[in-house]
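> I need the structure of the sequence given here:
(3 chains)
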Amino acid sequence: MDRAGPNDIAFFSDKRYKNYLASTQAGAVILTGNDTEFYGGNALITDNPHLRFAEMAELLISSVTTHRVGIHPTAIVEQNANISKTAKIGEYVVIEEGAYIGDHVTIGSGCHIEQNAVIGDRTKIYSNVVVRYGCEIGSNCIIHPGVVIGSDGFGYAKDGAKWIKVPQLGRVLIGNEVEIGANTVIDRGALYDTIIGNGVKLDNLIQVAHNVEIGDDTAIAGCVGIAGSAKIGKRCAIGGQAGILGHLEITDDVQIAAASLVMNSIKKSGMYSANLKADDYDSWKKNAARFYHLDEMARRLKQLEKTVKQFINKG
Amino acid sequence: MDRAGPNDIAFFSDKRYKNYLASTQAGAVILTGNDTEFYGGNALITDNPHLRFAEMAELLISSVTTHRVGIHPTAIVEQNANISKTAKIGEYVVIEEGAYIGDHVTIGSGCHIEQNAVIGDRTKIYSNVVVRYGCEIGSNCIIHPGVVIGSDGFGYAKDGAKWIKVPQLGRVLIGNEVEIGANTVIDRGALYDTIIGNGVKLDNLIQVAHNVEIGDDTAIAGCVGIAGSAKIGKRCAIGGQAGILGHLEITDDVQIAAASLVMNSIKKSGMYSANLKADDYDSWKKNAARFYHLDEMARRLKQLEKTVKQFINKG
Amino acid sequence: MDRAGPNDIAFFSDKRYKNYLASTQAGAVILTGNDTEFYGGNALITDNPHLRFAEMAELLISSVTTHRVGIHPTAIVEQNANISKTAKIGEYVVIEEGAYIGDHVTIGSGCHIEQNAVIGDRTKIYSNVVVRYGCEIGSNCIIHPGVVIGSDGFGYAKDGAKWIKVPQLGRVLIGNEVEIGANTVIDRGALYDTIIGNGVKLDNLIQVAHNVEIGDDTAIAGCVGIAGSAKIGKRCAIGGQAGILGHLEITDDVQIAAASLVMNSIKKSGMYSANLKADDYDSWKKNAARFYHLDEMARRLKQLEKTVKQFINKG
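Predicted coordinates for the structure are as follows:
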């Protein structure tokens, strides 16, 4: 609102910025009916200003960005790949046999879509993305540059000290309306599939290991690592740099704070944390040093309680 | 075992799934001699069912996945690059002068192999991998999509407040039977080389800084960061999101728990940890707040012990 | 110094290696005037040996590495892209309309420079980098392979349980002399721009979210995650795997220790930490278990102090 001019539309959804309402130069403001008392200009009244702004911006931006149309002559499409006539395939893309590319799909330059992969209608894939063989992406998804889908899971059998690769035979199955951030990696399953539900939003540089399952409408922020066979419920929100250990289950509607490590299954909805906030180094150093004597401190406290109690009782 | 049909082979190596043995529809089961008492069907008996399964699956999968044969016409191979006639070079690959590509090597689409790089026999490199100049990869390695090998280390000299780049003159030398996960990065050495031993397994999105050395048969899970000149021993296992500070040494046969930070050299084999498990937010908040007073608590406890001792002695 | 021969130049800047000075076979050593007493060979005397070494190595390396000259015939350059005649554009590069590529710029194979992006003079971009539409990179920058600049920020409005994408309308603006490590991602701003100052150095696999601002000459090590709208000052140094929460401000000249989470604004220069060092597992386990009872311990300690005080006073 503070930078908008007469040709801009602003939105108001955070009470902290209330005083901008009086002074904004915006041509119109999206706001709730309750907030109209603070504002005398052109108003678009709605229950959810942030959502209406998102929809409006989507309309405007889709008329600004241009896309290549059709199959670029440098794209290599193997026989028996099934590509919709309305799809837009970019420069230097490779699409292998048996792949299916749905209606109005966009695939950016330098992508590699391997054999029998499926890309659903209206899904948009940006540059240099790799979708390995047999993996399936639903419709209306957005896959940002550098994403790798369907790379091998990290699975080995031990032969003495040597690690022997266990072939990763599953796929990655991704639902509809999923967004995947730049350079994120989703491994294929070992025996069965890695599964990403509908409406899941993954930020950048996330690691999703083999056989992970992520429930519908869960959002995961950047740099999160999810170990093999972890099962995350629906509508969860996982903060940046959090870690989820393998072979555990997180129920629906769980929030995990940033940089927190989930080491056990979570059976009850709600918020969980394991993070400590940075302190000035001298203070931190003193307190952290004590951490390594916590068990001893606890024992001494217990002993002292006992000593005092005995002495008082005796006294 | 629970999903296998008469045309499938299953394996049994985890006692927890013992009751599936009686009911499995699998055509055959790989298991140990000790476990045959629970199972009356076709059995493949071995000491290490998981390993035998891995080997068998490898045989089967290698007949399923197809690979481009020869040098694809769109690949650009500079003069004086030495490419084996049995290598398979994919679409839009660039191979610079002096590079050596061994027998039966596979290089996926969009890779860039810079000058004088060496790729050993039977190594498989997936799409969009960059191997920078002079770096060497051994034989029988697997490099997943988006990996970068030989990017510059993060090295600067200070000139007042400015950081002046220190040219990174070393290489990355990778042994045999190494697997490197998608979007992992291994920086070249500053003066000498970054060294990855034989049989090392690196998961996705790992950062290996300049002059790191990783010993044979060490396995490192996703999102780990290893700072410059750290030296990691043989047969170590490092959990996901762990961090290793620079210029320290970890001996052989060390296990590091997930999300743990190694801040000092480790001279004794065994398991090490620095992680805290996520707790429900209200509990976590209360305990974490006390952490910042641990030093004061320790001093008060000591003082109280002294006071009580003096009083009792006096009494 | 220990490995240099008569045709090598060594440098001496760390007193711990003083005894190498007497025995080095180097043809010459760069060192300070104060250190000449320990060394009788050919000397290059300077106040800052590491810096002089960096400059000298830069001179030598620039004559070793070769670069493609001109626009490679496989590069696709759209109409109305403005490319300097002295730029070097690599194989299979795509440059969209309206993009500006400055003098002596190098762009590696497989890069995609989208419409209206700007690449300043002498900037070097390695292979498979994506610079999305409208983003601007200054002069003398170095962008390592796999970097993504200008991907969408992670922004959604809630519509019941669903996340509705908020279009990301800002750009990424990067100053001069910036270096960005392999596979690092910098998201475009939501409404305004993400801003990276002059002389900033980013290591590999870093996540920079939408609307982050990073001040001049700040250096950030690998695997750091910076959440949306965080503002980091000038000349800061941020250790590997550190996390910075969103919508906070870090002043100039702040150092953050590795793997530490910044959860509040930092208004005073200096060093901050939140990391715990790995301990042997048995010790760690015992102490970590007590962490979850810290609040109870603190209450018991306080109660005991009170009990003792009352008893002594009564006595």
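
> So which residues of the stretch 101-250 of chain A form helices?
Here the stretch 101-250 of chain A has no helices by DSSP state H, counting those that start in this stretch.

> which parts of it sit against chain B?
A:110, A:112, A:115, A:128, A:130, A:132-133, A:146, A:148, A:151-152, A:154, A:156-159, A:161-167, A:169, A:183, A:185, A:187, A:192, A:205, A:207, A:209, A:223, A:225, A:227, A:241, A:243, A:245 (CB under 8 Å from any CB of the partner chain). C-beta: built from backbone N, CA, C; applies to glycine.

> how about 6 Å then?
Within reach of chain B by CB under 6 Å from any CB of the partner chain, the stretch 101-250 of chain A has these residues: A:110, A:112, A:128, A:130, A:148, A:151, A:154, A:157, A:159, A:161-164, A:166-167, A:183, A:185, A:207, A:225, A:227, A:243.

> first vs last residue of stretch A:222-234, how far apart are they?
18 Å (CA to CA, to the nearest Å).

> picking up where we left off before, which of the residues of the stretch 101-250 of chain A next to chain B are buried?
A:110, A:112, A:128, A:130, A:148, A:151, A:154, A:157, A:163-164, A:166-167, A:183, A:185, A:207, A:225, A:227, A:243 (16 or more other CB atoms under 10 Å in any protein chain shown).

> Which of these fall within strands?
A:112, A:130, A:148, A:151, A:157, A:163-164, A:185, A:207, A:225, A:243 (DSSP state E).

> okay, the residues you listed in TSV with pLDDT and distance to chain C next?
What follows is these, written out as TSV (pLDDT from 0 to 100; distance: CB to the nearest CB, whole Å):
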residue	pLDDT	distance to chain C
A:112	98	11
A:130	98	11
A:148	98	11
A:151	98	14
A:157	95	25
A:163	97	22
A:164	96	27
A:185	98	10
A:207	98	11
A:225	98	10
A:243	98	11
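
> For these, give me a markdown table that also has distance to residue A:200.
Listed next are these as a markdown table, based on distance: CB to CB, whole Å:
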| residue | distance to residue A:200 |
| --- | --- |
| A:112 | 23 |
| A:130 | 19 |
| A:148 | 17 |
| A:151 | 18 |
| A:157 | 31 |
| A:163 | 31 |
| A:164 | 33 |
| A:185 | 15 |
| A:207 | 15 |
| A:225 | 16 |
| A:243 | 18 |
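
> for the residues you listed, which one is nearest residue C:10?
Distance to residue C:10, by CB to CB, is smallest for residue A:163 among these, at 39.6 Å.

> Which residue comes closest to that closest one once chain neighbours are left out?
What sits nearest to residue A:163 in space, not counting adjacent residues and going by CB to CB, 6 or more residues apart in numbering or on different chains, is residue A:156, at 3.8 Å.

> Nearest residue to the middle of chain A?
Per CA atoms, centre = their mean, the C-alpha nearest to the average position across chain A is that of residue A:202, at 1.7 Å.

> Based on its surroundings, how many neighbours for the residue nearest to residue A:163?
17 (other CB atoms under 10 Å in any protein chain shown).

> For it, give me its contacts.
For residue A:156, the contact set (CB atoms under 6 Å, 6 or more residues apart in numbering or on different chains) comprises A:163, A:165-166.

> Pull out the buried residues from the helix or strand of chain A with the lowest mean pLDDT.
Lowest by mean pLDDT, DSSP states H and E among the helices and strands of chain A is helix A:49-62, with a mean of 83. Along helix A:49-62, these residues count as buried under the neighbour rule (16+ other CB under 10 Å): A:49-55, A:57.

> Show me how far stretch A:204-216 is from its chain's centre.
8 Å (CA atoms, centre = their mean, to the nearest Å).

> er, stretch A:135-142 I mean
15 Å.

> repeat for stretch A:104-124
For stretch A:104-124, the distance to the chain centre is 20 Å (CA atoms, centre = their mean).

> From start to finish, how long is it in a straight line?
Note: stretch A:104-124 ends 9 Å apart using CA to CA.

> swap in stretch A:166-184?
Stretch A:166-184: ends 23 Å apart by CA to CA.

> Wondering if that stretch reaches chain C at all.
Yes - interface with chain C: stretch A:166-184 contributes A:182-183 (CB under 6 Å from any CB).

> Would you mind listing where the stretch 101-250 of chain A has pLDDT under the threshold?
Of all residues in the stretch 101-250 of chain A, none has pLDDT under 70.

> Now do the strands in the stretch 201-315 of chain A.
In the stretch 201-315 of chain A, the strands defined using DSSP state E, counting those that start in this stretch lie at A:201-202, A:207-208, A:213-214, A:219-220, A:225-226, A:231-232, A:237-238, A:243-244, A:249-250, A:254-256, A:261-262, A:270-273, A:279-280.

> and the ones you listed as JSON lines, adding distance to residue C:267?
Supplementary listing: those in JSON lines, determined by distance: least, CB to CB, whole Å:
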{"stretch": "strand A:201-202", "distance to residue C:267": "33"}
{"stretch": "strand A:207-208", "distance to residue C:267": "34"}
{"stretch": "strand A:213-214", "distance to residue C:267": "38"}
{"stretch": "strand A:219-220", "distance to residue C:267": "31"}
{"stretch": "strand A:225-226", "distance to residue C:267": "32"}
{"stretch": "strand A:231-232", "distance to residue C:267": "37"}
{"stretch": "strand A:237-238", "distance to residue C:267": "29"}
{"stretch": "strand A:243-244", "distance to residue C:267": "30"}
{"stretch": "strand A:249-250", "distance to residue C:267": "36"}
{"stretch": "strand A:254-256", "distance to residue C:267": "28"}
{"stretch": "strand A:261-262", "distance to residue C:267": "29"}
{"stretch": "strand A:270-273", "distance to residue C:267": "24"}
{"stretch": "strand A:279-280", "distance to residue C:267": "11"}
